[in-house]
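Asks: Quick one: sequence and predicted model below, then my questions.
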Amino acid sequence: MRALSILAGCLAAVSITLPAAVHAQTSGQTTTQNDAKTMWEKIKGSWTQSKGAVKEQWGKLTDDDLLAIEGRRDQLVGKIQTRYGISHEEAEAQVSGWETRRAREM
């Protein structure tokens with residue numbers, strides 16, 4: 001009977017602690033995602049100025065490509081993937097690196 005009491009106490013402690021630990025882990029991811037989203041909103045908001053930096057980074061993108069992208073990140077990744085013949089993951093990595101550098105400049 002004593003073993004059941006100890007087990008019940010342990011389960012109660014875990015049920016209280018575990019959600020807090022999970023929340024702590026996921027809130028860091030959410031903050032990072034929100035930061036990336038906020039950063040891209042700034043880039044999108046200044047797309048006219050950002051187009052020059054995009055063209056400098058990815059010279060194979062045409063003016064028509066930049067007009068079609070209209071500051072949309074997913075469109076930029078897709079155009080880079082197509083123009084450079086690279087995987088989606090590689091295009092995504094390139095845009096992420098560019099975003100980070102661009103955010104430092106802003």
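Replies: Great, that's in hand.
Asks: Following the chain onward from the helix or strand hosting residue 51, which element is next?
Replies: Assessed by DSSP states H and E, residue 51 sits inside helix 47-57. Reading on from helix 47-57 to the C-terminus, the next helix or strand found by DSSP H and E is helix 63-69.
Asks: pLDDT on that next one, on average?
Replies: Per-residue pLDDT values over helix 63-69 give a mean of 94.
Asks: so what does it touch, helix or strand wise?
Replies: Counting contacts by 3 or more CB pairs under 8 Å, 6 or more residues apart in numbering; DSSP states H and E, helix 63-69 packs against helix 47-57, helix 73-84. Where you see a C-beta, it was placed from the backbone N, CA and C, and this is true even at glycine.
Asks: switch the cut-off to 6 Å
Replies: helix 73-84 (3 or more CB pairs under 6 Å, 6 or more residues apart in numbering; DSSP states H and E).
Asks: Now the helix or strand just after the helix it packs on: buried residues?
Replies: Sequence-wise, the next helix or strand downstream of helix 73-84 (DSSP H and E) is helix 88-105. Of the residues in helix 88-105, 91-92, 94-95, 98-99, 102 count as buried by neighbour count, 16 or more other CB atoms under 10 Å.
Asks: that older thread, what residues sit buried inside the helix holding residue 51?
Replies: Neighbour-count burial for helix 47-57 [16+ other CB under 10 Å]: 50-51, 54.
Asks: Can you list the low-confidence ranges for the protein?
Replies: Where the chain drops to pLDDT under 70, the residues are 1-34.
Asks: Brilliant, that's me finished.
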